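> Below are the sequence and a predicted model; questions follow.
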Amino acid sequence: GYGSYAEYYAKDFIKVFNFLGAEPEIIWSYKDLYASGKLDEAIRTSLNAAARIQEIYHEVSGSQKKKDWYPFQPVCASCGKIGTTGVFAWDGRQVTYKCEPDMVEWAVGCGHVGKVSPFGGTGKMPYKVEWPAKWASLGVNFEGAGKDHTSKGGTRDVANHIAKEVFKIEPPEDLPYEHFLYGGRKMSSSKGLGASAAEVAAVLPANLLRFLFARVPSQRAIDFDPSAPDTIPNLFDEYDRSREAFFADPESDLGRTFEAGNVDKPAKVFVPRFSTLASWLRQPGVNIEKEAEKAKGSKLSDIDKEELKERSRYVKIWLDRFAKDEDKIYEVKEQKKISMSQAAEKYFRQLDSELEKDWTEEELQSRIFQLAKENGLQPKEAFRGLYQAFLGEDHGPRVSALILSDKARARRALKKQYE
Ligand SMILES: [Zn+2]
C-alpha cells in the first residue's frame, strides 16, 4: 500500500514525468529512483541548502517550517514508516532524525531517534524539492503540471524557485495538462492523469507524445482520441513531415515543433510511413527490413533499423487495437488517368508486358523494384505511382501481392495509365 494520499499522488506524477523525460524506457518507482543513486547529488545539494529552501517555502507559498528543518525524510529504522520522520541535523555525511509521534494526522511515529546516510534510497525528499531535484538529475526537459500546480504559490511555483536558486537550472517548460483531452475526456491533474498518461504511453512512443504537445499552442485544447482509426497514423505522418521540415529549415514552424519533441539532437533517419508499415505488417511473411530497404533504395543504417523496430511496435499495437477492419483488405480498382512522366509511362508499359509471365510474389516484387531503377525512377515514386494506379492511394499492401491477387485487373489498371 501507499503511505499516504500524497505519496500515491506523487507516484502517479513520477510515472508521467519519467515517461515524458529523457529516459522514457525507464518508469521509475520512487524507491528504485532513490536506490539508483541518481538523486544523491541533489539530496546533498538540498540538505546543504536547507535554510535557503525554507526561505523559498516561506517567500513563495507562505508556509513556515520548524527552525531545524531539512528537506529529507528517512525511513524510520525502528518502525519502518517514512512519513513520520523529521531530520533535525546534517553533518555532510549523515542525517539525524526523529520519528515523531504527532507529526502527521494519518500515522503515529514511534519516537525513535536515529542517524543514517541519506543516500542510495534510505528515504526521500519532500515532493516540492524532489520535483526540481529530478529535473536537475534526470535532465527532464518537458514537464507536466495541472493548473493547481502552476498557480502562484503552488507546488510548481515553489519547485521552480528551488530549481533556479538551489539546483541552478532553468525549470522545464510547462505542459498544461488541463488542456489535454483524452478521447474527449478531460485529463485533470488528479489521479486520472496518471491513468490516462499510462494509457497514452501504451499506444505512443514518448517522442510522439512530446510532439503532440509541442505542435499546438498551449492555449488550445489537444483532443487526442486514439480510438479513432486515423488519429495515430495522422500524428505519425505529421511527425514525419515535421522531421523533413526540420532538416530543410530548422527555423521553420514545423521544424521547431519537431525539435521540441526531441530530447536528443535529431538525427536523419529513413523510416517508412506509418500506413505503409501497417500495410506490410498486415501481411504474413513480409520481411519488414527488406521492404524498408527497397523503399529507401539503399541499405538501412543502424538508426534506420532502430526506428523501424520501434515504429513497427506501435504499428502493431495500432493494428491490434484501433485499425478499421475494412482497412485490412485491398482490392485493385482501375483508377482514372493520372498525369505522369514519360519514364513512368514506359515503366507501366514494361511492367504490364512482363505480367504475361508467371511470377512468384517474391520475384515479381524485386522485378518491379528493378524495373523502376532501369527506368531511372526513384523506387519510392514508382511504388507510389503503382498504388495510385491500383488503389488511388499513395500506399498499400505489398505491391506484388496486390497485383497477383488479381493480375488481369492489375494489367487493365496499368493500361489505363499508359494507353
Ligand atoms: Zn518510527
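Looks like it arrived, so ask away.
> going forward, measure contacts and count neighbours with C-alpha atoms only.
Will do.
> State which helix of this protein is the longest.
helix 302-321 (DSSP state H).
> Show me what the helix or strand just after that one is packed up against.
Note on helix 302-321: by DSSP states H and E, the next helix or strand toward the C-terminus is helix 342-354. Counting contacts by 3 or more Cα pairs under 8 Å, 6 or more residues apart in numbering; DSSP states H and E, helix 342-354 is packed against helix 361-374, helix 407-418.
> Most tightly packed of those?
Burial of the helices and strands packed on helix 342-354 is given as mean neighbour count (mean count of other Cα atoms under 10 Å); helix 407-418 ranks first at a mean of 20.
> and Gln342, how far is that from the ion?
84 Å (Cα to the ion, to the nearest Å).
> what about that residue, how many neighbours?
For Gln342, the neighbour count with other Cα atoms under 10 Å is 11.
> Need the per-residue pLDDT for it.
As predicted, Gln342 sits at a pLDDT of 89.
> try the one 10 residues further on
At Asp352, the pLDDT value in this model is 96.
> Please identify the buried residues of stretch 238-252?
238-240, 242-246, 250 (16 or more other Cα atoms under 10 Å).
> That stretch - what's its average pLDDT?
85.
> residues in contact with it?
208, 211, 254-259, 268, 273 (Cα atoms under 8 Å, 6 or more residues apart in numbering).
> could you pick out which of those are near the ion?
Near the ion, judged by Cα under 5 Å from the ion, there are no entries from these.
> and Phe72, what does it touch?
Counted by Cα under 8 Å, 6+ apart, Phe72 has contacts 43, 47, 86-87, 118, 123-126.
> Max pairwise distance over those: which two?
Greatest spatial distance among those (Cα to Cα): Ile43 and Gly86, at 15.0 Å.
> ok, back up a step: indicate which one of the helices and strands packed on helix 342-354 is closest to the ion.
The minimum distance between the ion and those falls on helix 361-374, with 70.3 Å, by Cα to the ion.
> Pull that closest one out as PDB, backbone CA atoms only.
Output in PDB follows, covering the C-alpha atoms of helix 361-374 (Å, rounded to 0.1, in the frame of the first residue of the first chain):
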ATOM      1  CA  GLU A 361       5.300 -12.800 -55.300                       C
ATOM      2  CA  GLU A 362       8.900 -12.500 -54.300                       C
ATOM      3  CA  GLU A 363      10.300 -12.500 -57.800                       C
ATOM      4  CA  LEU A 364       7.800 -10.000 -59.000                       C
ATOM      5  CA  GLN A 365       8.400  -7.700 -56.100                       C
ATOM      6  CA  SER A 366      12.100  -7.500 -56.900                       C
ATOM      7  CA  ARG A 367      11.400  -7.200 -60.600                       C
ATOM      8  CA  ILE A 368       9.100  -4.200 -60.100                       C
ATOM      9  CA  PHE A 369      11.800  -2.700 -58.000                       C
ATOM     10  CA  GLN A 370      14.500  -3.400 -60.600                       C
ATOM     11  CA  LEU A 371      12.300  -2.100 -63.400                       C
ATOM     12  CA  ALA A 372      11.900   1.200 -61.600                       C
ATOM     13  CA  LYS A 373      15.600   1.600 -61.400                       C
ATOM     14  CA  GLU A 374      16.200   0.700 -65.000                       C
END
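> Centre of the chain to that helix, how far?
Put simply, helix 361-374 sits 36 Å off its chain's centre (Cα atoms, centre = their mean, to the nearest Å).
> Spell out which residues make up each domain of the protein.
5-129, 274-328, 342-418 (automatic domain parsing).
> so what pLDDT did Cys75 get?
One correction, residue 75 is Val, not Cys. For Val75, the predicted pLDDT is 91.
> any idea how far the ion is from the residue nearest the centre of the chain?
In the chain, the residue lying closest to the centroid (Cα atoms, centre = their mean) is Ala206, at 0.9 Å. Distance of Ala206 to the ion, computed by Cα to the ion: 40 Å.
> Show me which positions of the longest helix of the chain end up buried.
Neighbour-count burial for helix 302-321 flags 304-305, 307-308, 311-312, 314-316, 318-319 (criterion: 16+ other Cα under 10 Å).
> And for stretch 107-114?
107, 109-111, 113-114.
> between those residues, which is nearest Ser36?
Using Cα to Cα, the buried residues of stretch 107-114 come closest to Ser36 at Gly114, 23.1 Å.
> Lowest-confidence one in the contacts of Phe72?
Pro126 (85).
> Contact partners for that one?
For Pro126, the contact set (Cα under 8 Å, 6+ apart) comprises 71-73.
> distance of the closest residue to the ion within the stretch 101-250 of the chain from Val116?
Nearest residue of the stretch 101-250 of the chain to the ion: Cys110, at 4.1 Å (Cα to the ion). Relative to Val116, Cys110 is positioned 17 Å away (criterion: Cα to Cα, to the nearest Å).
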